[in-house]
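Participant: Would you be able to build a 3D model of this:
(one chain, ligands or ions: 1)
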Amino acid sequence: MRIDILTLFPQMFDGLLSCSIVGRAMEHGLVDVKLHDIRTYTHDKHNIVDDYPYGGGAGMVLKTEPIFEAVESVSGELGLPSVPTVLLSPQGRLFNQELARELASCQNLVLICGHYEGVDERVAEHLVSDEISIGDYLLSGGEVAAMVVVDCVIRLLPGVLGSEASLAEESHIGGLLEYPQYTRPAVYRGWTVPEILLSGDHGEIARWRRQQSLLRTAKRRPDLMEKAVLSPEDKRLLSEAFEIKS
Ligand code: ADE
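Facilitator: Purely as a prediction, here's the structure:
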């Protein structure tokens, strides 16, 4: 997969792209992330990327021309008539694991990081295929949001995570939160690891984990629970868990 990021602050991505899972995926050639400074697509002496909003109001608005030219330059370089192009903005549809999977299935992806008071609406209307928000809060720019998307997408690419099993059991896969995890020591400051995890009984451990997953989701994220498809066994585990708790 190749991801092209259009930003006014390419240096913000240095950490993400050089460390940990994303850094390794880049190193192994499993993904190629290219950064483009929007400013380099301006033609005036001062490389102006923003301007005052028509109609007045506070702040500046990112101009259309450099963004259109940057996206067209990427699709030209790829030899494609168009590339899936996402504008990161607080007005977009809410990012989640399902959307991450959708984006991870693309061969190419362009991410546009907005800034200032916003981006000229003609970018959203006539250039991008999607607008994505990472949550109902205001960031100072789209860069951090783009990093969230890039991280989530890259870890889903084939070969990026060592064990495919870890993908299958994570939070939000299957619509539930993950069960609690523990490692050594078995007792720390008097706090013990649940007995069942030390038992070696894999059937019972799997049952306990499923129950914890259900309980945690029901308590912390009732919104997810409403959407989850539960088997009769899940329903039994959940009512048993609530009986134990009460
Ligand atoms: N830019 C500013 N805030 C944002 C958000 N919540 N999601 C995506 N892009 C943004």
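
Participant: now the strands for the protein?
Facilitator: 2-7, 32-37, 50-51, 61-62, 85-94, 108-113, 118-119, 130-133, 187-188, 191-192 (DSSP state E).

Participant: Point out where this protein drops to low pLDDT.
Facilitator: Low-confidence segments of the chain, defined by pLDDT under 70: 163-169, 245-246.

Participant: the domain parsing of it - what is it?
Facilitator: 2-154, 169-245 (automatic domain parsing).

Participant: Save the strands of the chain as CSV, and put in mean neighbour count too.
Facilitator: Every C-beta, even on glycine, is put in place using the N, C-alpha and C of the backbone. Output for the strands of the chain, formatted as CSV (neighbours: other C-beta atoms under 10 Å):
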stretch, mean neighbour count
strand 2-7, 23
strand 32-37, 16
strand 50-51, 16
strand 61-62, 22
strand 85-94, 19
strand 108-113, 24
strand 118-119, 22
strand 130-133, 19
strand 187-188, 10
strand 191-192, 10
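
Participant: can you redo those strands as a markdown table with distance to the ligand?
Facilitator: Listed next are those as a markdown table, based on distance: least, C-beta to the nearest ligand atom, whole Å:
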| stretch | distance to the ligand |
| --- | --- |
| strand 2-7 | 12 |
| strand 32-37 | 17 |
| strand 50-51 | 15 |
| strand 61-62 | 11 |
| strand 85-94 | 4 |
| strand 108-113 | 8 |
| strand 118-119 | 9 |
| strand 130-133 | 4 |
| strand 187-188 | 37 |
| strand 191-192 | 36 |
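
Participant: How about residues contacting stretch 190-207?
Facilitator: Tyr182, Ala186, Val187, Trp208, Leu237 (C-beta atoms under 8 Å, 6 or more residues apart in numbering).

Participant: Out of those residues, which is nearest to the ligand?
Facilitator: Tyr182 (33.5 Å; C-beta to the nearest ligand atom).

Participant: Which residues of the protein lie near the ligand?
Facilitator: Taking C-beta under 6 Å from any ligand atom as the measure of proximity, the chain contacts the ligand at Leu88, Ser89, Pro90, Gly114, Ser133, Ile134, Gly135, Tyr137, Leu138, Leu139, Gly142, Ala145.

Participant: which one of those is nearest Thr64?
Facilitator: Gly114 (12.3 Å; C-beta to C-beta).

Participant: For the nearest residue to the closest one once chain neighbours are set aside, give its distance to Ala100.
Facilitator: Excluding the flanking residues, the one nearest Gly114 by C-beta to C-beta, 6 or more residues apart in numbering is Gly142, at 4.5 Å. Using C-beta to C-beta, to the nearest Å, one obtains 16 Å as the distance from Gly142 to Ala100.

Participant: neighbour-wise, which of the two wins?
Facilitator: Gly142 (30 against 18; other C-beta atoms under 10 Å).

Participant: where does the residue nearest the centre of the chain sit relative to Thr7, distance-wise?
Facilitator: With distances taken as C-alpha atoms, centre = their mean, the chain has Val149 as the residue nearest its mean C-alpha position (3.2 Å). Val149 sits 13 Å away from Thr7, going by C-beta to C-beta.

Participant: again with Asp136
Facilitator: On the measure of C-beta to C-beta, Asp136 and Thr7 end up 23 Å apart.

Participant: quick one, what contacts the nearest residue to Gly118 once chain neighbours are set aside?
Facilitator: Counting by C-beta to C-beta, 6+ apart, Gly118 lies nearest to Val61, which is 5.7 Å off, once chain neighbours are set aside. Shown in contact with Val61 (C-beta under 8 Å, 6+ apart): Asp50, Asp51, Tyr52, Pro53, Tyr116, Glu117, Gly118, Val119, Asp120.
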